[in-house]
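J.: Quick one, fold the following:
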Amino acid sequence: MGPNEDLVEALDQAAGHLGFRRALVRSGLGSLIDATFVGAEGKPRRIEGPAVELLSLSGEISLEENGVEPAGVSGVVGDPTGAIWAGRFVRGLNPVCITIEAVLEELLPAPEEDWRRPF
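T.: Residues are numbered from 1 along each chain as shown. This is a model prediction of the structure:
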């Protein structure tokens, strides 16, 4: 992901580019200009930059059209003062500062057969 791209939207685009319909976000690091997320209190919180460091990233992406709702993308960030914040990122409000590297894992549908049956 590059400068000014939204974190969550860029993860969706990366999954689509790889041909993933559903994916787990396993990890990530980099920097955001500002960060906006919903924390434990359930309210959006904006963390002002000029550079907010992304320390941890996890979650689920769904590009399926059958109504499957993703769990969302959550993370831990450090603000310019060194304070640490965590929550679920709000789509469209987390612009990448320089770059973000992320690891995505494709979620595949379960096989039709029951793998527990004896041979």
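
J.: In contact with A40, which residues are there?
T.: Neighbour list for A40: G87 [criterion: C-beta atoms under 8 Å, 6 or more residues apart in numbering]. C-beta coordinates here come from the backbone N, C-alpha and C atoms, glycine included.

J.: Quick check: the gap between it and S74.
T.: Distance from A40 to S74, counting by C-beta to C-beta, to the nearest Å: 11 Å.

J.: Equivalent analysis for G39, please.
T.: 10 Å.

J.: Of the two, which one has the most company?
T.: Applying other C-beta atoms under 10 Å to G39 and S74 shows that S74 carries more neighbours, namely 18 against 13.

J.: Surely G16 is within a helix?
T.: Yes - assessed with DSSP: H, G, I helix; E, B strand; the rest coil, G16 lies in a helix.

J.: Read off the pLDDT value for it.
T.: Model confidence at G16, given as pLDDT, is 91.

J.: Touching, it and E64? I think so.
T.: No - G16 lies out of contact with E64 (C-beta atoms under 8 Å); the separation is 11.3 Å.

J.: which neighbours do A40 and S74 share?
T.: G87.

J.: hey, where'd the strands end up in the chain?
T.: When secondary structure is read from DSSP state E, the chain shows strands at 22-32, 35-38, 44-47, 52-62, 72-78, 84-89, 96-106.

J.: My guess is G2 contacts T99. True?
T.: Yes - applying C-beta under 8 Å, one finds G2 in contact with T99, separated by 6.2 Å.

J.: got any ranges where the chain has weak pLDDT?
T.: When residues are selected by pLDDT under 70, those of the chain lie in 66-71, 112-119.

J.: separation between the spatially most central residue of the chain and R26?
T.: Nearest to the geometric centre of the chain sits V73, at 3.4 Å (C-alpha atoms, centre = their mean). To R26, V73 is 11 Å away according to C-beta to C-beta.

J.: again, but for T99
T.: From T99 across to R26, the span is 18 Å (C-beta to C-beta).

J.: picking that back up, give me the common contacts of V73 and R26.
T.: Listed as contacting both V73 and R26 by C-beta under 8 Å, 6+ apart are S58.

J.: Bridged to F89, which residues?
T.: Beta-bridge pairing for F89 (DSSP bridges): F37.
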